[in-house]
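[1] my questions concern the predicted model and sequence given below.
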Amino acid sequence: MSMPADAFLHLDSVNFAYRALPVLRNLSWTWLAGEQWACVGPNGAGKTSLAGLLSRQLDWGSGELERGDLLAHGHCSYVCFEQQKSLCDRDRRLDDSEFRSDARDPGTTVAQAIGGRAGDEDRERWIARLGIGHILDRGLRFISTGEMRKTLLLRAILQNPELLILDSPLDGLDRASQQGMREILDQLLETPMHILLLARSLEDIPAGVSHLLVLDEGSVVAAGPRDEVLADPTVQSLMSPPALRFTELPAAAERPYQLAPNAPRLELRNVSVSYGDTRVLDGVNWTLGAGQHCNIAGPNGCGKTTLLSLVTGDNHKAYGQDITLFGRRRGSGESVWDIKQKFGQVDTQLHLNYSRGMAVLEVVVSGFFDSLGLYDDWGDKQLEVARSWLAALGLETLARAPFDTLSFGIQRMVLLARAMVKSPAILILDEPCLGLDRHHTRAILDAVDHIADDCDTQVVYVSHSVGEMPACINQWLEFVPVVGGFELKLREQS
């Protein structure tokens, strides 16, 4: 089929495979000049693969892709999670802080990542519009997920691309930032720039999007004007699948430590953290008692992740502070592994960094060793517990499946099973629903409640997305903006 004269993009019978497994199947789609499209579908639908092919980040499969005169020079910008991972990984490799007198290496700063000339009117206007002027000198490794998303968006905008692809631009943003981002998207959709928005939820599609492409397992389910596609019963059914079914939780694994029945699990008294001249935490007081499940909430950059790193042993600034973990004062001779064995953790960084080429069962077993990969021998008992957790979360049929061939949402469920195999005293979930469609978000929340109801593991849940909270939460720790920083407010269920 030849490309229409007024087409911006034209794909005809496109196929693409990853590790010999089909990802895009016989995909045909025409994008006419002047239209604004969103590509919608559940996790694993093929949205990211389509974006990778259009942006030339993936090698071409079979079929025809005609890009039209507007894209003759391949001027396409693509904003996605993989960019964040790539930039941060590069800075980690080049980190030379151990050779510096101040032991600090910020790496690539926000200003450097954005590019352009300081003082440029358009650049400065967008910096102010996105509210990132205060982090321009901060390294990319030391900003929040939401701040990183804004940084990458601005870098893409300043390149003035003919096609701008945005992968779930609302992910990782707090309520105020989400509203601001929606307004920015509305403005961009009114410009001559062509925008392809990747979305996992119909509710995330801005009003300025005129057409929808709906994918499922790499195939086109529907494509056309927005209202026509939304009225399609097949589309509505695809985007609202039935909930996953869970079974009884396995018996708790034997712990190499004892917990006092009614003693506080975490105690922080007047804890403060600064990086250079930036105060991240100021006078934090927080006690997590036995049986409590806490939600930590607050805007991007308020210090939520820093707070978690103090209690999990990942932040050296815990030394010299009044922090007691499971009845033992921090810095009293315990090792980092003494601390980590009591925690299970799921977060986006773990997900992005996890070793590829492993079977699902191996990924879950690695939770016994807190490793990104499996480098130790395991026994029959560990294998049995891992299988039991996969079954409890409705994943038993995937035990032998390659982890990196699963959808993003199912991978997150596998990592939840990995976190639980050692029966941690505390399960830390740092934005666990980030990057998930509505179906898998509901599955994660239901699974967390399943865990909280049927075992003694306590939950610390971090999220700033409205409505994304397990029902088990009975303590709320909120970072509230005040002049010069944030104030911490604690509320407990009476």
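    It's in.
[2] I figured Tyr461 hits Lys304, correct?
    No. Because the distance of 10.8 Å does not satisfy Cβ atoms under 8 Å, Tyr461 is recorded as not touching Lys304. From N, CA and C alone the C-beta is placed, and that goes for glycine too.
[3] shared neighbours, these two?
    Taking Cβ atoms under 8 Å, 6 or more residues apart in numbering as the contact rule, Tyr461 and Lys304 both touch Ile296.
[4] how about stretch 191-201: buried residues?
    His194, Ile195, Leu196, Leu197, Leu198, Ala199, Arg200, Ser201 (16 or more other Cβ atoms under 10 Å).
[5] the first one contacts Leu166, doesn't it?
    So the one you mean is His194. No. Distance between His194 and Leu166: 11.6 Å, which falls outside the contact criterion (Cβ under 8 Å).
[6] domain map for this protein?
    Taking automatic domain parsing as the criterion, the chain consists of the domains 7-239, 266-492.
[7] turn these into CSV, columns for mean pLDDT.
    Formatted as CSV, the domains of the chain follow (pLDDT from 0 to 100):
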stretch, mean pLDDT
domain 7-239, 84
domain 266-492, 85
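[8] can you add distance to Tyr257 and give those domains back as TSV?
    As requested, those are arranged in TSV below (distance: least, Cβ to Cβ, whole Å):
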stretch	distance to Tyr257
domain 7-239	31
domain 266-492	7
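[9] tell me which of these sits nearest to Arg255.
    In this view, the domains of the chain are compared for proximity to Arg255 by Cβ to Cβ, and domain 266-492 is the closest at 6.2 Å.
[10] how long is the closest one from one end to the other?
    Here the two ends of domain 266-492 are set 15 Å apart, with distance taken as Cα to Cα, to the nearest Å.
[11] list the buried ones in stretch 458-472?
    Using 16+ other Cβ under 10 Å as the test for burial, stretch 458-472 gives Gln458, Val459, Val460, Tyr461, Val462, Ser463, His464, Ser465, Glu468, Met469, Pro470, Cys472.
[12] what's the longest helix in this protein?
    In the chain, assigned by DSSP state H, the helix with the most residues is helix 438-454.
[13] thinking again about what came up before, from the buried residues of stretch 458-472, pick the one nearest His440.
    Closest to His440, out of all of those and judged by Cβ to Cβ, is Glu468, at 11.7 Å.
[14] quick check: that closest one touching Leu429?
    No. Counting by Cβ under 8 Å, no contact exists between Glu468 and Leu429, whose distance comes to 10.3 Å.
[15] go ahead and confirm Asn300 touches Gln178.
    No. Distance between Asn300 and Gln178: 10.2 Å, which falls outside the contact criterion (Cβ under 8 Å).
[16] more neighbours: those two, which one.
    Comparing Asn300 with Gln178 by neighbour count (other Cβ atoms under 10 Å), the higher total belongs to Asn300, at 22 against 19.
[17] now that one: phi and psi?
    Torsion angles at Asn300 (phi, psi; degrees, to the nearest 10) stand at phi -60, psi 140.
[18] spatially nearest residue to it (excluding sequence neighbours)?
    In this structure, Asn300 finds its nearest non-sequential neighbour in Gly146, 3.4 Å apart by Cβ to Cβ, 6 or more residues apart in numbering.
[19] and that neighbour, how far from Leu477?
    Note on Gly146: its distance to Leu477, by Cβ to Cβ, to the nearest Å, is 19 Å.
[20] now do Ala231
    When Cβ to Cβ is applied, the distance between Ala231 and Leu477 equals 43 Å.
[21] hmm, back to that, in CSV, list the buried residues of stretch 458-472 along with distance to Val271 and secondary structure.
    CSV is the format used below for those (distance: Cβ to Cβ, whole Å; DSSP: H, G, I helix; E, B strand; the rest coil):
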residue, distance to Val271, secondary structure
Gln458, 20, strand
Val459, 21, strand
Val460, 16, strand
Tyr461, 20, strand
Val462, 17, strand
Ser463, 22, coil
His464, 21, coil
Ser465, 26, coil
Glu468, 26, coil
Met469, 24, coil
Pro470, 26, coil
Cys472, 26, coil
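[22] Ala231 and Leu477: which is more packed in?
    Higher neighbour count among Ala231 and Leu477: Leu477, with 21 against 11, using other Cβ under 10 Å.
[23] from memory that one sits against Leu490, does it?
    Yes. Taking Cβ under 8 Å as the contact criterion, Leu477 and Leu490 are neighbours in contact, 5.5 Å apart.
[24] between those two, what contacts are shared?
    With Cβ under 8 Å, 6+ apart, Leu477 and Leu490 have common neighbours Trp286.
[25] where's Arg245, which helix or strand?
    Of the helices and strands defined by DSSP states H and E, none includes Arg245.
[26] i'd like the first residue to be 49 from this point on
    Okay, residue one is now 49; in that scheme the one you just asked about reads as Arg293.
[27] contacting residues for it?
    Listed by Cβ under 8 Å, 6+ apart, the contact set of Arg293 reads Gly442.
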